[in-house]
Each structure stands twice: as structure tokens, then as C-alpha cells.
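**Q** what follows is a predicted protein model with its sequence.
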Amino acid sequence: MSLNAIASLNAWRNGIGVKAGTLNYRILPLSKVQREGFGAKIDHCAFLYRHRFRIPESYILLKTDTADKSPNLEKWLHSDRSYVLRSSASVEDRLDRSYAGQFDSYLNLSSTKEIEKKLRLLFQQPLNRRVEATQAQSQDRGPIVMHALLQEMIHPRYSGVVFSRNPLTGLDEIIIEYTEGHNARILQEGQTPFRAIYKWGEWKETPRGFDHHLEFLTEIIQEVKRAKKEFGADVDMEWAFDGQSLYWLQLREITTGKRQSIYSNRISKEMLPGMIKPLVWSINIPVVNQSWKDLFAELLGPNDLDIFRLARSIHYRAYFNMGVLGDLFELLGMPRELLEILLGIENTGKERPKFRPGFSIVRHLPRLFRFVLKSLAVKKRIIAFLSEYDVIFQSLDLKSLSSYSMEQLVDQIETLKVRCTEASYFNIVTPLLSAFYSNYRLSKALETENLRLEDIDFSEVESRIADIQPAVWLQELKTVYDGIEKKEQVRVEEDNLFIPEMDLHANRFRRLFRELIRKFGHLSDSGNDFSTVSWKEDPASVMNLILSLESVPEKVSKKGPDAFTSHATARKYKKACDFRVLKERVSFLYTYGYSLFRPLFLEIANRIKDKGFLKNETDLFFLSYEEVKRFLAERNAKEIATIINKRKKDFEELQDVKMPEVVFGDDLPTVYPKGGPQSMMKGVGVSGGYVEGPVKVLKTTKDASKVDKGDIIVIPFSDIGWTPTILKAGGVISEAGGLLSHAAIIAREYRIPAIVSVSGAMNLKDSMRVSLNGISGEVAILQEETSRARPPEVSAAKQRRG
């Protein structure tokens, strides 16, 4: 027997029968519902009742084949009150499809006759063509079972919807959208709502009149947190506030479809800054990400993590896949945002997420225990690594590459990849431990001393790493240079470098400079990009750097360890200093080892160039490592020339574009060349993705005939009547609406980029070319003059759905 049949049978046993002509149904007070099976709307409303959320007086009306004689419906109703009748179909409010707007709700019903009239219509709706079309499109098989929920009508002062998590991005923030009066103005009439966003104890966005609304909005925040906890998943909830009390009308699990990737450059801007050429990317990703995989294996055991999904090159910039890392942290019971919190990047607010392991962590405890024991000796491991790998990298620093065959050069690259992968593990773990001991443990201890981390003097660290700090050497060279008498600062050219000579100071300068190049010659503008020119290749730039140095300003007075009143704080300070030193030494050694890729690839490039296959040796950096090896095997010169030319052109065009900090989904975000778009419009992103194309402005659904497949449609607001047009569109811009407007729900379900609440959107003209960012809510107008619109054969939107 099906779940719905069981539910109907229980209703028959426990409910009261009513018969109205051919309308057969049963009445059951919501308080009697003890199990699921009446459709998500009734089931979720019963959940709210069982968990003591304030809801209107509610009954369920179960459709049946027959009915016994029983009291009239009016026996259950209050003559001085009005009611709302809502559908509760077996297919509604699912995670993959919501059937938004397919079934009606009826408001302000005040008599049995009105209710039964609307109930008859409601029970017939699964058979209408609109629903059947949606059912076919969703590949839903079997009949739709329809019941109804009858609730006392609340006459609200304010009403709206709250999301326990951002349904668009998946970010941990609570979003409230609301309006004066009934929220049908948002859901059905397309009115632009008030909008408030709450994250970790702070209001990130507030509407006008917020101070007058704060009391009931705060109650909403508290209640939705409780609902999320009790329900066991993120939810959106409809509510009504009558000026005295807050009522909950509906609850749904948030329908975001497949969990999408979230890429962030917040961390990568520090670790892998700037534009990264394909050859560098193809080496960096397996080297660095394999170490991340190994680290997670220590914590969680063997895993099938795809190291190439951990980071992504977006317009030649590095973005980390925070979704993958967040999933792994959640397995350990940690907040998804832990990585950014640990690095001190995310502003955590007063309700900062804390390490609260859940039950899921239990199965990982043996490995975690071993990892902790291993970490107790990590300082010794790092020191041993520094000693061992200094020797290893020195042995890999080949001086006469011309004597090696092409095969030997490739073998050397493979060996270096293995060694750099091993070293990158320490280059990841040591900064994380340093951040933990400084940003967390020491910071917590300093709070008890009424001090902040930025108040503390870490000059001890600087003195302990002076030998590997080029800034110290550069400043000393500047001091020596300034000590040379002006008349003796005769500039002569030596080794393509202008340096002073003629006196003792000049000779000392020369010796120090040569020592600087010997020790730091592997450095460049980026220690994570071997395509950049090194200091030893361009000593003249180093000389110019020295000459441009200004005198070092006096340091601001800070508190040293003698200011601590607690021995525990002093110990944590020492630990923090030790790991800051280790972090710098590991980074210096790793940068040296990593820099050895450059001469190896340049040697290969020069040999290819000498044979006429490359115009410039640096062109090799526009090929991936696999493409380089394939060329060496196949000599496919024409193919690589095409690849190189295209990538060089793209690289140049993307030099100065403004990149978003966060990218949602796997599609490339829209970026703009120098000068940017002609103008911008701003709304609220409600469905992720990026699309570029011509717009079609539709004042009513009657204008839908002019829409070509893939056009970006502009509409005043949306209701169920717009559904066929939305499904045909490449993107949606709505002048009004919110996260639960019909266009928003449909667009999210079918992954169509969409923006609502775009003021002045209806002033756009047909065939204007725009780009739409469904995450940020930005509409960029790329071409305002319709006469310059692209011809029909290329007018379809260029779409990248989130």
C-alpha cells in the first residue's frame, strides 16, 4: 500500500466525512496528523505544529472516492473569520522541482459554499494541461495525488519569506524578504520586497524603516535557526506578522538543485597572484593540489578527491574551489568557512562559527588522533625537511643544461615535480600551523591581557630570518651605496650592470651585490610563477630597485614579551614566533626548488626555437606541460602555433579586466575589456549564471511571440503565465520581484540566469546587447544603439549557466 493510500486510510478512520455533490473529502484537524503522506505542504505544516511554531488554525481536507454522512464543514469554521485554501499535491515543493505556481491558493474565503467551490477546482487541477505539461517536462510518472490545507486567514501588517541559507550561492547567511500587507504582492503580483540579510550576528543589508521592524525580524532570525535545526536541513519559510504575533504559514526545504561549485580568489590572490600562463598552471596544480589531497588523506583516510577540481584557472587567474574544501571540512564537523577563518581572511562577526564536531566525526577519530600525535612532533619534522631538501634542491640545480638530451631534460622535470610535490606539503602545513598559533591561540591569550595581535612586537622573528630576507640585504646595499663619496660614484658597466667602483665602499658594494645575486638570484616578481624573469637573469632591475629604496622609517612602538603578565601567554608567543620563522624558511626553500623549473623549460624552448618551431622562447609558457610533451613526440608545429597565438591574444585582452572575488558554478564569468560596458544596471541576482545577448522587452505575455530561443527577456514582473517564455529565454531581467517570485523559482530550477528588482529595466530597448550576471545582480549594457545589433544568425544569447 502506498504512503498516500495509508494516509488516506488513516484520515478515513480518524477524520469526519463530508459530501458535497460529487465532491468527496474528509476533514482532519492538523493536530491529528502524526505521519507524512499528505503532500509536502501539509506534512511540513504538521511539522511546524509538532515543534510548537505558531501557526494559524489549520485543517486538512483529504480527497476520497466516497464519503459517509457527517456534520457539515461549517461546524468546524468560525463565521466571523476568513480562511485560505492551499493545495498540497504529492509533487509540490520537492528538491528537484517545486511545481511553483502550478496549483492555486485561494484567499479570504468566508463560507462553506466558497470553500467547497474552490476545493472542487483545486482537486481538478492535476488534470489541467498546464500541470500535465510540467509533469511531462519533469518526467514525473504516475498520478498526482491532491489534498488541501485549510487555514485561518491572517491579516498581516507585514508578511514575507525567510531563507536559512542563501538559496542562490549556498552562503551561510539568512535572507528575509517582506512587504506590507500580504506577501501575495511578492509571490503573485511581482512587487519588489524589503530585503534584509543577517550573517553571523550582524545585519549585512537592511531596508528603509529597519529600526521599526527590528523586533519581529529578530524573532524571525531566531525561529528560522530553530526550524533549520529541528528540520535537519536548510529551509525557506513563509510568515505573517499581524502587529502582535508572528505566524508561520509554510515551510519548504530550499530547492537549489545540484550543489554547485564555489570558486574564490580571496586566498589565491595571496598564494597565486596575477595572471598565470598555461605551462605554469599545468605544473602548479598537480604539485600543490596533490599535497592538499595527501593532507586530507591523513585526516579522513584515502579519498577519491580529484586534485584538478581543487583549483581552477578562470581567465588565467587562480580560483580555489571552496565547495570541495568545505565538503571535506564538514566531514570533520567543522564549518565550511574554516579555511578562510583560519587564514584570517573572512570577517566572522560576533557569532563566529566554532569548531563543534558532529557525530560524523566519530569514524574519523582514530586517524585524527594519529594526526594530532604526529603534529606534536611537526616542528622536528619541518626542521628535518629544511635540512634534507636544501641538499636535494641543490643537487637538482644543474649548471650545464646544454649537455643534456631532450629526454634527460624531461626526466629532470619529472623528478623535480615529485620533489616539489613533497615540499609543497610542508609549504601548506607550516603556514596553516603558523596561522593557528598566531591568529587563534596567541590571539585568544592576548584577549586576557587586553592586547591585540597587531599590538605585538615580532622583531625577534625578523632577526631570526634576516639571512633569507632579501629586503635586509637590499637595504644594506643601499646604505653602502649611499656611503660612497659622490665624486667617486663613477658608473661603469660590468656584466651588463651599472655599479659604482673606485673606493673601498664600491668594492664592498660589488661583493655584496654578487652575494645577493648568488643567494637570491632565483627570486622574481612571483615565487609561484616560473615564467617571470629571475633576478639573476636581470640584475640591472635589482640595481634599480636598490637605488630606488628610501630610508627605513622608524617602527611604531609595540609590546614585547616582557609586557605579558601570564607565563602561558609568553609560551604561546614563543610558539607563534617559532612557527613564523619556520613558515618563512619553508617558503624560501620551496621557492628556490620551484624556481628550478624555469631554466629547464627555457632550455627546451630555446632548442625548439632554434629549429624554427617557436618565434620566442617565452611562447612555450602558453602551452601546457602535456602539450609540450606531445609536441616533442609528434612535432605538431602548426597545431601548437595556433594554440599559442590564440592564448597570447586572449592573455593580452584579459590583462586589465576586473575579476569577481567569487565565482559560482563552473561557467566562465563575464568580464569587460578596458573602458568597461557603456552603462550598468543593478538588481538582485536570483538564479546563478552568466549570459550575454540581445534583449527582448515584454510588457505582457502577449509579446512573447517576438522572443527567439536564447534571448534575454525583460519583464515587468512574473507569475505563472510567464513560465513558457521564461523556459525559452537565455536569461531573465525583471523590474520587480524577489527570491520567491515565480521567475526566480523557475529560473533556479532550470538553471537560467535571472535578476529581479532591476529599477528601470523596462526602459531597455529591443535588440540592445547586454550581459547578465545572475550572482551579483549586475546587468551590463554593451551596445545601446539597436541599429548596431548583431545580425539574426548570431543574435542568440551566449549563455553560461550557473
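**A** Alright, I've got the coordinates.

**Q** show me what the host helix or strand of residue 27 is packed against.
**A** When elements are assigned from DSSP states H and E, residue 27 belongs to strand 23-29. Contacts defined by 3 or more C-beta pairs under 8 Å, 6 or more residues apart in numbering; DSSP states H and E place strand 23-29 against helix 3-14, strand 16-20, strand 58-63, helix 112-124. Placement of C-beta: from N, CA and C, glycine included.

**Q** pull out the buried positions in it.
**A** 24-28 (16 or more other C-beta atoms under 10 Å).

**Q** got the angle between it and helix 112-124?
**A** Angle, strand 23-29 to helix 112-124, by axes from the mean of the first three to the mean of the last three C-alpha atoms, to 10 degrees: 110 degrees.

**Q** and of the buried residues of strand 23-29, the nearest to residue 628?
**A** Distance to residue 628, by C-beta to C-beta, is smallest for residue 28 among those, at 71.7 Å.

**Q** which secondary structure elements does whichever strand or helix holds residue 476 contact?
**A** Secondary-structure assignment from DSSP H and E places residue 476 in helix 470-482. In terms of contacts (3+ C-beta pairs under 8 Å, 6+ apart), helix 470-482 is packed against helix 504-520, helix 539-547.

**Q** between that helix and helix 504-520, how big is the angle?
**A** Counting by the same axes, to 10 degrees, helix 470-482 lies at 160 degrees to helix 504-520.

**Q** chain center to helix 470-482, what's the gap?
**A** Centre-to-centre, helix 470-482 and its host chain are 43 Å apart (C-alpha atoms, centre = their mean, to the nearest Å).

**Q** still on that earlier bit, lowest average pLDDT across the helices and strands packed on helix 470-482?
**A** When those are compared by mean pLDDT, helix 504-520 comes last with a mean of 84.

**Q** who does residue 662 form a beta bridge with?
**A** Applying DSSP bridges to residue 662 yields these beta-bridge partners: residue 264.

**Q** list the contacts of it.
**A** Neighbouring residues of residue 662 by C-beta atoms under 8 Å, 6 or more residues apart in numbering: 169, 262-266, 775.

**Q** a markdown table for those, including distance to residue 761, pLDDT and neighbour count?
**A** Formatted as a markdown table, these follow (distance: C-beta to C-beta, whole Å; pLDDT from 0 to 100; neighbours: other C-beta atoms under 10 Å):
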| residue | distance to residue 761 | pLDDT | neighbour count |
| --- | --- | --- | --- |
| 169 | 22 | 78 | 18 |
| 262 | 28 | 80 | 21 |
| 263 | 28 | 84 | 25 |
| 264 | 30 | 83 | 22 |
| 265 | 30 | 83 | 20 |
| 266 | 31 | 76 | 16 |
| 775 | 18 | 87 | 22 |
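
**Q** between those residues, which is closest to residue 560?
**A** Nearest to residue 560, judged by C-beta to C-beta, of the contacts of residue 662 is residue 266 at 32.0 Å.

**Q** who does the helix or strand encompassing residue 198 pair up with?
**A** When secondary structure is defined by DSSP H and E, residue 198 falls within strand 194-199. If you go by DSSP bridges, strand 194-199 pairs up with strand 174-180 (antiparallel), strand 202-205 (antiparallel).

**Q** now it: mean pLDDT?
**A** If you average the pLDDT over strand 194-199, you get 93.

**Q** which regions of the stretch 51-200 of the chain sit below the pLDDT cut-off?
**A** Within the stretch 51-200 of the chain, the segments meeting pLDDT under 70 span 67-72, 93-101, 127-142, 184-191.

**Q** can you give me the helices in it?
**A** Along the stretch 51-200 of the chain, counting by DSSP state H, counting those that start in this stretch, helices occupy 112-124, 129-137, 184-187.

**Q** before we move on, back to that, include distance to residue 548 when you put the contacts of residue 662 into a markdown table, please.
**A** Output for these, formatted as a markdown table (distance: C-beta to C-beta, whole Å):
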| residue | distance to residue 548 |
| --- | --- |
| 169 | 44 |
| 262 | 41 |
| 263 | 37 |
| 264 | 34 |
| 265 | 30 |
| 266 | 31 |
| 775 | 42 |
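
**Q** what residues go with each domain of this structure?
**A** Following automatic domain parsing, one finds the domains of the chain at 3-152, 158-253, 461-557, 674-801.

**Q** deepest-packed of the ones you listed, please.
**A** Mean neighbour count (mean count of other C-beta atoms under 10 Å) peaks for domain 674-801 among those, with a mean of 20.

**Q** distance of the residue sitting nearest the centre point of the chain relative to residue 775?
**A** Nearest to the geometric centre of the chain sits residue 262, at 3.2 Å (C-alpha atoms, centre = their mean). Distance of residue 262 to residue 775, computed by C-beta to C-beta, to the nearest Å: 10 Å.

**Q** now tabulate the strands paired with strand 194-199 in CSV and tack on distance to residue 402.
**A** Formatted as CSV, these follow (distance: least, C-beta to C-beta, whole Å):
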stretch, distance to residue 402
strand 174-180, 63
strand 202-205, 60
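
**Q** of all those strands, which one comes closest to residue 694?
**A** It's strand 174-180; of the strands paired with strand 194-199, that one is closest to residue 694 (C-beta to C-beta) at 30.2 Å.

**Q** got the CA coordinates for that closest one in CSV?
**A** Taking C-alpha atoms only, strand 174-180 is exported to CSV below (Å, rounded to 0.1, in the frame of the first residue of the first chain):
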residue,chain,number,x,y,z
ILE,A,174,19.9,34.4,6.5
ILE,A,175,17.8,36.4,3.9
ILE,A,176,14.4,38.0,4.7
GLU,A,177,12.2,39.4,2.0
TYR,A,178,8.9,41.0,3.0
THR,A,179,6.3,43.6,2.2
GLU,A,180,3.5,45.5,3.8
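
**Q** give me the residues contacting it.
**A** Applying C-beta under 8 Å, 6+ apart, the set of residues contacting strand 174-180 from outside is 157-167, 185-186, 191, 193-199, 217, 220-221, 224-225, 738-740.

**Q** do the same with stretch 625-636
**A** Residues outside stretch 625-636 that contact it (C-beta under 8 Å, 6+ apart) are 278-279, 282-283, 406, 410, 413, 601, 604, 608, 613, 620, 623, 637, 640, 643.

**Q** how about a cut-off of 7 Å?
**A** Applying C-beta atoms under 7 Å, 6 or more residues apart in numbering, the external contacts of stretch 625-636 come out as 279, 282-283, 406, 410, 620, 640, 643.

**Q** now those in JSON lines, with pLDDT, secondary structure and neighbour count?
**A** As requested, the contacts of stretch 625-636 are exported to JSON lines (pLDDT from 0 to 100; DSSP: H, G, I helix; E, B strand; the rest coil; neighbours: other C-beta atoms under 10 Å):
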{"residue": "279", "pLDDT": "97", "secondary structure": "helix", "neighbour count": "22"}
{"residue": "282", "pLDDT": "95", "secondary structure": "helix", "neighbour count": "18"}
{"residue": "283", "pLDDT": "95", "secondary structure": "helix", "neighbour count": "20"}
{"residue": "406", "pLDDT": "94", "secondary structure": "helix", "neighbour count": "12"}
{"residue": "410", "pLDDT": "96", "secondary structure": "helix", "neighbour count": "17"}
{"residue": "620", "pLDDT": "96", "secondary structure": "helix", "neighbour count": "25"}
{"residue": "640", "pLDDT": "89", "secondary structure": "helix", "neighbour count": "22"}
{"residue": "643", "pLDDT": "95", "secondary structure": "helix", "neighbour count": "18"}
